[in-house]
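K.L.:
Just need the structure, nothing else, for what follows:
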Amino acid sequence: MRMQEEICLRRKVERSNVSINKKIVIILQPFHGIHERAFLLHMDKQIQELYGIFRSFPKVCTDSRKVEEGSLFFALKGPNFDGNKYVQNALSQGAAVAIIDDNDYSIEGKTFLVPDVLEALQELSKYHRAQLKIPIIGITGSNGKTTSKELINCVLSTGYKVAATQGNLNNHIGVPISILSINDTHDIGIIEMGANGHGEIKFLCEMAQPTHGLITSIGKAHLQGFGDLDGVIQEKTALYRSIASNHGIIIYNADSIYLPKHLPENTLNVAYNNHGCHSFELGIISTFPSINGTCKRGLLEVALSSGMYGDYNVSNISSSLTIGALFDIPLEKGVYAINDYKPKNNRSELREFQGAEIYLDAYNANPSSVALIVDQFAKSVGYKILVLGDMLEVGDQEDEEHHEILNKIDPEGFEEVLLFGSLYAKHNKAFSSFRFFTEFENLKSYFDSLNLEGKGVLLKGSRGMRLERLIT
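P.N.:
Coordinates of the predicted model:
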């Protein structure tokens with residue numbers, strides 16, 4: 001189907017009311033026949049009753065230390081904590097009602113007892129989603145999903161009231177909280193979805209019921225949970241299958257070698273790439289030290305001057321403008337919003353430190369994202385220092401993947417190559433021209449001894465390596 005036809009058809013897509021699965025899967029004892037049906041009806045009634053409380057107190061909190069006045073406190077359990085024990089503290093902090101699953105902590109008029117707090121939170125979000133009559137954009141991917149979410153939020157917010165996932169609340173707890181943050185004043189919702197293992201995206205989609213879907217990229221991420229790249233592809237494309245079941249719209253990167261071949265049949269598919277999409281052209285002049293270029297639509301030309309860097313962020317910009325076009329955001333408004341966006345939280349940040357340009361991308365790292373940014377940084381001009389931290393959650397392939405990254409680095413392209421962590425250190429004998437550190441104090445001491453004036457420094461590593469400590 002031609003792109004123009006797809007865009008015309010999207011306005012004719014009927015948004016059917018999404019039905020929800022009201023069954024809470026809790027095994028208390030075997031049920032048979034009428035007893036099982038009675039149990040499920042009871043759970044259905046309980047979620048409706050809880051929803052009534054939520055409508056009166058629509059702020060949701062799971063941390064007793066961060067309770068807001070008039071909020072609902074969900075007493076979640078974890079391997080090393082029991083939220084039920086903090087109910088009294090949450091109530092004293094101003095919580096209106098605490099949702100508990102241990103009757104020993106019941107307080108008349110102040111607590112609501114359920115069989116399982118986490119499942120109650122998830123089922124409540126499903127019920128709430130079913131009441132919403134607005135588009136929900138679901139976002140997942142191996143790399144770039146949080147940055148894309150922020151950019152799309154910026155672009156759409158120029159014309160709509162948007163509710164978007166805060167921070168990285170993108171898992172089985174964060175997604176229901178994000179859904180419950182959407183209220184009657186919002187026009188559009190954006191839900192980011194992350195996954196570490198099989199079946200998680202499908203589960204999150206069952207809660208969010210997205211009408212629009214974007215997979216930012218497919219790469220070697222969380223291989224410990226997915227096993228291999230095929231496992232990643234199967235997991236991420238669950239979003240596409242969910243969109244198809246909802247008769248929604250898929251926004252996809254036509255340059256991806258994986259995504260186009262996994263588009264479901266009979267869906268509305270809108271393509272974009274690093275050069276734009278059907279409604280605009282993207283002309284990139286440079287990507288380091290920042291992304292600059294132009295956006296054109298007919299005779300209109302708008303200057304792009306982003307605070308981000310790297311070729312991999314060009315596709316994030318293109319996808320956000322494409323989604324903006326789907327929702328009739330004028331091109332100039334979308335580009336201006338992107339120009340104003342400032343990366344944060346150790347993602348694609350550009351900082352200054354001791355006279356150096358610091359490219360801080362230390363929130364996460366996997367073989368695909370590291371290979372991309374190292375390649376781009378190597379092609380940039382000037383004196384460069386490369387600092388990489390271990391890539392975590394790579395699984396059985398961790399030795400091979402760390403060796404492969406080191407093998408891609410041309411020592412002639414950098415003044416210094418510093419590697420931090422035990423996984424990189426395993427290969428120190430094979431790469432004697434690089435400097436390896438297993439203790440952060442030693443890395444910090446050496447880094448502080450360098451003359452950084454006028455140089456570019458890339459910091460890239462997994463969150464657990466906390467490379468931002470080098471510049472704080």
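
K.L.:
And the helices in the stretch 51-200 of the chain, which stretches?
P.N.:
87-92, 117-131, 145-156, 174-180, 200-208 (DSSP state H, counting those that start in this stretch).

K.L.:
So what touches the last one?
P.N.:
Outside of helix 200-208, the residues within contact range by C-beta atoms under 8 Å, 6 or more residues apart in numbering are 21, 122, 125-126, 129, 136, 138, 140, 170-172, 175-176, 179, 191, 193-195, 235-236, 238-239, 241-242. C-beta here means a position set from N, CA and C on the backbone, and glycine is covered the same way.

K.L.:
Show me how far that helix is from its chain's centre.
P.N.:
Relative to its parent chain, helix 200-208 has a centroid offset of 14 Å by C-alpha atoms, centre = their mean, to the nearest Å.

K.L.:
now do the longest one
P.N.:
On the basis of C-alpha atoms, centre = their mean, helix 117-131 is displaced by 20 Å from the centre of the chain it belongs to.

K.L.:
quick one: it to helix 200-208, angle?
P.N.:
Using axes from the mean of the first three to the mean of the last three C-alpha atoms, to 10 degrees, the inter-axis angle of helix 117-131 relative to helix 200-208 is 60 degrees.

K.L.:
Going by neighbour count, list what's buried in helix 117-131.
P.N.:
By 16 or more other C-beta atoms under 10 Å, the buried positions in helix 117-131 come out as 117-129.

K.L.:
Tell me which two of these sit farthest apart.
P.N.:
Pairwise distances across the buried residues of helix 117-131 (C-beta to C-beta) peak at 18.9 Å, for the pair Val117 and Arg129.

K.L.:
before we move on, which element is the closest residue to Glu332 other than its chain neighbours in?
P.N.:
Closest residue in space to Glu332, ignoring its immediate chain neighbours: Val302 at 4.9 Å, by C-beta to C-beta, 6 or more residues apart in numbering. Element membership of Val302, judged by DSSP states H and E, is strand 300-305.

K.L.:
Pop the domain breakdown of the protein in here.
P.N.:
Following automatic domain parsing, one gets these domains for the chain: 34-116, 132-340, 349-471.

K.L.:
Which one of those has the poorest average confidence?
P.N.:
Mean pLDDT is lowest for domain 34-116 among the domains of the chain, at a mean of 89.

K.L.:
Provide a list of residues in contact with Val162.
P.N.:
Asn153, Leu156, His186, Asp187, Ile188, Gly189, Ile190.

K.L.:
Glu415: which of the helices of the stretch 51-200 of the chain is closest?
P.N.:
helix 145-156 (28.2 Å).

K.L.:
Report all helices and strands that that closest one contacts.
P.N.:
strand 136-140, strand 162-164, strand 188-192, helix 311-326, helix 331-340 (3 or more C-beta pairs under 8 Å, 6 or more residues apart in numbering; DSSP states H and E).

K.L.:
what's the closest of these to Pro79?
P.N.:
Of all the helices and strands packed on helix 145-156, strand 188-192 comes closest under C-beta to C-beta, at 24.4 Å.

K.L.:
Let me know the angle separating the closest one from helix 200-208.
P.N.:
Using the same axes, to 10 degrees: strand 188-192 against helix 200-208 is 160 degrees.

K.L.:
Neighbouring strands - and their directions - for strand 188-192?
P.N.:
strand 136-140 (parallel), strand 162-164 (parallel) (DSSP bridges).

K.L.:
ok so, going back, could the helices of the stretch 51-200 of the chain go into JSON lines alongside distance to Cys61?
P.N.:
JSON lines is the format used below for the helices of the stretch 51-200 of the chain (distance: least, C-beta to C-beta, whole Å):
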{"stretch": "helix 87-92", "distance to Cys61": "7"}
{"stretch": "helix 117-131", "distance to Cys61": "11"}
{"stretch": "helix 145-156", "distance to Cys61": "22"}
{"stretch": "helix 174-180", "distance to Cys61": "9"}
{"stretch": "helix 200-208", "distance to Cys61": "18"}
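
K.L.:
just the contacts of Val162 now: which is nearest Arg466?
P.N.:
Asn153 (26.6 Å).

K.L.:
Can you give me every residue that contacts the closest residue in space to Leu304 that isn't next to it in sequence?
P.N.:
Distances taken as C-beta to C-beta, 6+ apart place Gly293 nearest to Leu304, at 4.8 Å, with adjacent residues excluded. By C-beta under 8 Å, 6+ apart, the contact set of Gly293 is Leu282, Gly283, Ile284, Ile285, Ser286, Leu304.

K.L.:
Right, I'll leave it there.
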